[in-house]
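In: need coordinates for the below:
(2 chains)
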Amino acid sequence: MMNIRYKNELLVVASVIFLLSGYLFKYKSFKSSQELLYQKQNELVELKKVVGLQRVWSPKRVSSGLENIRRSLSPNQVKWDKRGKKLTAKFKDMTSVELNKIINKILNVAIEIEHLNIIKKQNDKYTMELKCKW
Amino acid sequence: MGNNKGLILVYKGMPKVSLEDRFNIVLTPQNYILKKEKLPIKQEYQSKKIVSSIFDNFIENKDEYSFFVYKEGEEWIFIAYKQEEVISLLEEAGIKPSNVDEIFFAQQMVHSITKPVSLGDGSAMAVIDGIATIVPKIILPDDTVYANLLEDTTPKKSVPLSTGNSYIPKKMSIAISAIFSIFAILFIMEGVRYASSSKEKSQKVQEIIEQYPSLQSSYKRDSILSKYTKIDKEQREKRDILKRLSKLINQRVKLEELQLKQHSYSAKLSAQQSNILNSLRHKAKSNNMQISGITSNQLTIKGNL
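Out: Numbering: from 1, shown residues only, chains lettered A, B, ... in the order given. Okay, here's the model as predicted:
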């Protein structure tokens, strides 16, 4: 073994270097894990948002929802024009209760309302025109 | 302590030694000054406090000396020696000081020195009145049989040889290094723990992606997100307007007309009594709706989406 001067100091210096290396490793590890955690958290939030939006605006359940609207009035009150993923529907002679019911149903179906026109006639009955897509 | 290592007696004019292993040394009285005192102290730390003053009239430049104290029976043995002198003695004998761990003193082995120990041509070490002493060989009988120091009598106490010019004592440097190393290991362990902590979130993301493989691509996700976010915002606004309007309608307030277009809306509400119409106006305002016209029995609300 070499005769090393200041070997005690060297031992202390080496342990200080070891300590600093350990601290640096911990610090870098902490930083990178925080960054990764933040990134993954954002990814998770984004994914959940995408999945949620897809579920809400999914066209899968629209058809049954629209059929439900159609069947809630007598056929002579409804004029139904569905082309692909677009619908123009006209409702006539509705009482305020029927109107309220239909509106509530429309609100709960994931359709994109493009145009909604409601007019009260002289006999206190309502007509409504709905244009929507999905 | 290193008491299980080899033991070498070092003295002035000793033959050259060529050893690569680590070992301990025994100093003869040539290299130390000894004082034996009966003192009313019990603890070693107390004796260490007074060791310097014990040699007050014997040595000058006390800073150059190192001290060693131990108890022998009822008496305290105080030894003063120079580390530098020991190192140069070792170097003269061809011994690397870095190979030496611990220093023992011949006085500690006094009970095992039953016969004089030869220290080269002119002198020997013998025990006189219980003290290891250097004597000239000339005063010893011609037929004196010299003995060697027995390694198995290695004393328990020793002092480390400070090689080089270290400012930090060996024990302290080991203690500091051990503490720092423990902290370093703790930091490393913590670092490893941090590195594995983000795995949980990665797993959750992976689970969702496995359920919806189409969402694996971030471009696709962005595209879906931008498409549906726009739809979601617009349609929620439209539905919100319809809900707010329906809250204004009751048995005394009728809906006359409603138009909901792509970016605007308008509604006409009627009431037979003016106080109801006034109350309706307040309600509409508190619902953040803009009133664009009011007649004796009708209120018109308009707004943009």
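In: any weak-confidence spans in chain A?
Out: Within chain A, the stretches with pLDDT under 70 are A:1-5.
In: run the last query once more with 80
Out: A:1-7, A:58-61 (pLDDT under 80).
In: now the stretch 151-300 of chain B
Out: Using pLDDT under 80, the stretch 151-300 of chain B drops low at B:151-154, B:161-167, B:169-170, B:196-205, B:212-216.
In: give me the number of residues near the residue nearest to residue B:167 when sequence neighbours are not counted?
Out: In this structure, residue B:167 finds its nearest non-sequential neighbour in residue A:9, 6.6 Å apart by Cβ to Cβ, 6 or more residues apart in numbering or on different chains. From N, CA and C alone the C-beta is placed, and that goes for glycine too. Using other Cβ atoms under 10 Å in any protein chain shown, residue A:9 has 16 neighbouring residues.
In: distance of residue B:49 from residue A:63?
Out: Shown here: residue B:49 relative to residue A:63, a distance of 98 Å by Cβ to Cβ, to the nearest Å.
In: ok, now residue B:84?
Out: Taking Cβ to Cβ, one finds residue B:84 at 100 Å from residue A:63.
In: for chain A, just list every one of the strands.
Out: A:78-83, A:86-94, A:112-120, A:126-133 (DSSP state E).
In: make TSV from those strands and add distance to chain B and mean neighbour count to it.
Out: Listed next are the strands of chain A as TSV, based on distance: least, Cβ to the nearest Cβ, whole Å; neighbours: other Cβ atoms under 10 Å in any protein chain shown:
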stretch	distance to chain B	mean neighbour count
strand A:78-83	18	12
strand A:86-94	11	17
strand A:112-120	4	18
strand A:126-133	8	19
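In: those into TSV, with extra columns for distance to residue B:273?
Out: Output for the strands of chain A, formatted as TSV (distance: least, Cβ to Cβ, whole Å):
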stretch	distance to residue B:273
strand A:78-83	35
strand A:86-94	25
strand A:112-120	18
strand A:126-133	22
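In: got the phi and psi for residue B:101?
Out: Main-chain torsions, residue B:101, degrees, to the nearest 10: phi -100, psi -60.
In: give the contact list for it.
Out: B:2, B:5, B:22-24, B:160-161 (Cβ atoms under 8 Å, 6 or more residues apart in numbering or on different chains).
In: give me the subset of those touching chain A.
Out: Restricting these to those touching chain A (Cβ under 8 Å from any Cβ of the partner chain) yields residue B:22.
In: which residues sit against stretch B:248-259?
Out: Contacts of stretch B:248-259 (Cβ under 8 Å, 6+ apart): A:96, A:99, A:116-120, A:126, B:245, B:265-273, B:276, B:280, B:283-284, B:287, B:298.
In: got the buried residues for that stretch?
Out: Buried residues in stretch B:248-259, defined by neighbour count with 16 or more other Cβ atoms under 10 Å in any protein chain shown: B:248-249, B:253-259.
In: same question for stretch B:271-286.
Out: B:271, B:277, B:280-281, B:284.
In: check whether the residue of the stretch 1-150 of chain B found nearest chain A sits in a helix, strand or coil.
Out: Nearest to chain A, among the residues of the stretch 1-150 of chain B, is residue B:98, at 4.1 Å (Cβ to the nearest Cβ). Under DSSP: H, G, I helix; E, B strand; the rest coil, residue B:98 falls in the helix class.
In: what is the burial count for it?
Out: Residues within reach of residue B:98, counting by other Cβ under 10 Å, total 17.
In: how about the buried residues of stretch B:271-286 in TSV, adding secondary structure?
Out: Below are the buried residues of stretch B:271-286 laid out as TSV (three-state DSSP):
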residue	secondary structure
B:271	strand
B:277	helix
B:280	helix
B:281	helix
B:284	helix
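In: which ones are touching residue B:237?
Out: Listed by Cβ under 8 Å, 6+ apart, the contact set of residue B:237 reads residue B:305.
In: can you classify it as helix, strand or coil?
Out: Assignment for residue B:237 (three-state DSSP): helix.
In: can you check the one 5 residues further on too?
Out: In terms of secondary structure, residue B:242 is helix; the call rests on three-state DSSP.
In: how about the one 4 residues further on?
Out: Using three-state DSSP as the criterion, the local structure at residue B:246 reads helix.
In: then residue B:67?
Out: Classified using three-state DSSP, residue B:67 is strand.
In: returning to that earlier point: among the contacts of residue B:101, which ones are buried?
Out: For the contacts of residue B:101, buried by 16+ other Cβ under 10 Å: B:5, B:23-24, B:160-161.
In: identify, from those residues, the entry nearest to residue B:200.
Out: If you rank the buried ones among the contacts of residue B:101 by distance to residue B:200 using Cβ to Cβ, residue B:160 comes first, at 50.8 Å.
In: neighbours of residue 104, how many?
Out: Because you didn't say which chain, this covers chain A. Residue A:104: 13 neighbours (other Cβ under 10 Å).
In: ah, no, chain B please
Out: Residue B:104 has 23 neighbours, counted by other Cβ under 10 Å.
In: now do the one 4 residues further on
Out: The number of residues packed around residue B:108, counting by other Cβ under 10 Å, is 22.
In: quick one, phi/psi of the closest residue to it other than its chain neighbours?
Out: Excluding the flanking residues, the one nearest residue B:108 by Cβ to Cβ, 6+ apart is residue B:155, at 3.9 Å. Taking degrees, to the nearest 10, you get phi -70, psi 160 for the backbone angles of residue B:155.
In: how about residue B:39?
Out: Torsion angles at residue B:39 (phi, psi; degrees, to the nearest 10) stand at phi -130, psi 150.
In: residue boundaries of the helices in chain A?
Out: A:7-56, A:62-71, A:96-107 (DSSP state H).
In: can I get those in JSON lines including distance to residue B:62?
Out: Compiled in JSON lines, the helices of chain A are given as follows (distance: least, Cβ to Cβ, whole Å):
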{"stretch": "helix A:7-56", "distance to residue B:62": "22"}
{"stretch": "helix A:62-71", "distance to residue B:62": "100"}
{"stretch": "helix A:96-107", "distance to residue B:62": "99"}
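In: what residues does the stretch 51-200 of chain B have near chain A?
Out: Near chain A, when you scan the stretch 51-200 of chain B using Cβ under 8 Å from any Cβ, you find B:96-99, B:162-170, B:172-174, B:176-178, B:180-181, B:183-188, B:190-192, B:194-195, B:197-198.
In: quick check: residue B:156 is in a strand.
Out: No - with three-state DSSP as the criterion, residue B:156 is coil rather than part of a strand.
In: mind checking how far it is from residue B:24?
Out: 12 Å.
In: now residue B:161
Out: Applying Cβ to Cβ to residue B:161 and residue B:24 gives a distance of 9 Å.
In: shared neighbours of the two, anything?
Out: Common neighbours of residue B:161 and residue B:24 (criterion: Cβ under 8 Å, 6+ apart): B:100-103.
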